[in-house]
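**Student:** Need the 3D shape of this:
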Amino acid sequence: MLITKQCLKRAIAPVVLGALVTLPFSAIAQGLPVGTFATVNGQPLSDSLLESNVRANVARGQADTPQLRQALESEIIGREVLAQEAQKLKLEQTAQAQAQWQQMQQNFLANLLLNHYAANNPVTADQVQAEYDEFLAGVEGAQQYKLSLIVVPTETRAREIIRELRQSDNPALFGELAQEESTDPSRAQSGELDWLLPQQMVPAVGNVVVNLSPGQVTAAPIQTNLGWNVVRIDEVRDYTPPTLEDIESDLRQAAAQKQLSDYIQSLQEKAQIIR
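**Tutor:** Next up, the predicted model:
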């Protein structure tokens, strides 16, 4: 009988974990060091480690219950048993393990630093305003486009569709073909998309539609990573930017990201790097 790795993993996991979670908690609970919830072969497991795991699970939507805490205690103890066995076999001393450990440390410390910096350098109202001013400058005089779209797998079929649309007097044909053949989710709306700025489109499409008028279909199909696109311009209107308050959350996030990027750049410029 052939057994896949996935099946084997499912078959073994309950046995391994079962062996670990049935540890005699009443025995290990006696004489614990202060601030620990268990020891494994004399190695204390801290309450703060448990609380960190509890917070992570609560953040994912779990309720902080005695059952959750007991399950997490068992999980942490199980991991410690495995970790100690790995150390006994000196698995962490291989070059590959050391490289992986270094990368994990780098990622952990980098995230720790960036979170610390963000917490101690909150975005100011002036920064948010600066982001909004930059946004307004980028969309000054911009127009929005209401498009309809048909995406098919081959260039040949896309060209046939364009030819059919040009030869037909049926205004509903585009929507019918979109529903029947398009691979884009917009097929459910007969190919119709929401209002878009050119910069919100795939560049290959945005560069073309700005030169078309309402009612026009692209003269040739446009290739993107989704397939071959036949695009029709339905409407064009002047763009009315949202107020600062409408997009303040996005502006604040953009300002925070820019501030972090500048901070990282400043640290790299100060560092002595030899390649």
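**Student:** And stretch 196-205, how far out from the chain middle?
**Tutor:** 21 Å (Cα atoms, centre = their mean, to the nearest Å).
**Student:** Just the mean pLDDT for it, thanks.
**Tutor:** In this model, stretch 196-205 carries a mean pLDDT of 94.
**Student:** Likewise for stretch 228-245?
**Tutor:** For stretch 228-245, the per-residue pLDDT averages 96.
**Student:** Could you number the chain from 241 rather than 1 from now on?
**Tutor:** Sure thing, new numbering starts at 241, so read that last one as stretch 468-485.
**Student:** Secondary structure of residue 472: a strand, I assume?
**Tutor:** Yes: under DSSP: H, G, I helix; E, B strand; the rest coil, residue 472 sits within a strand.
**Student:** Run through the bridge partners of it.
**Tutor:** residue 388, residue 457 (DSSP bridges).
**Student:** Correct me if wrong: it contacts residue 385.
**Tutor:** No: Residue 472 sits out of contact with residue 385 when judged by Cβ atoms under 8 Å, with a separation of 10.4 Å. All C-beta spots, glycine's among them, are computed from the backbone N, C-alpha and C.
**Student:** Off-centre distance for the longest helix anywhere in the chain?
**Tutor:** For the chain, the helix that runs over the most residues, judged by DSSP state H, is helix 335-360. How far helix 335-360 lies from its chain's middle: 19 Å, per Cα atoms, centre = their mean.
**Student:** same question, stretch 368-386
**Tutor:** Offset of stretch 368-386 from its chain centre (Cα atoms, centre = their mean): 25 Å.
**Student:** and what of stretch 391-405?
**Tutor:** 34 Å.
**Student:** list the buried ones in that stretch?
**Tutor:** Within stretch 391-405, the residues scored as buried using 16 or more other Cβ atoms under 10 Å are 391, 392, 397, 398, 401, 402, 405.
**Student:** Please identify which of those residues is nearest to residue 460.
**Tutor:** Comparing the buried residues of stretch 391-405 against residue 460 with Cβ to Cβ places residue 402 closest, at 7.3 Å.
**Student:** May I have the secondary structure class of the closest one?
**Tutor:** Three-state call for residue 402 (three-state DSSP): helix.
**Student:** Chain neighbours aside, what residue packs nearest to it?
**Tutor:** Distances taken as Cβ to Cβ, 6 or more residues apart in numbering place residue 470 nearest to residue 402, at 5.7 Å, with adjacent residues excluded.
**Student:** Would you confirm that that neighbour contacts residue 398?
**Tutor:** Yes: contact criterion Cβ under 8 Å: residue 470 and residue 398 qualify, at 5.5 Å.
**Student:** Overlap of the contact sets of those two?
**Tutor:** Common neighbours of residue 470 and residue 398, using Cβ atoms under 8 Å, 6 or more residues apart in numbering, are 390, 392, 461.
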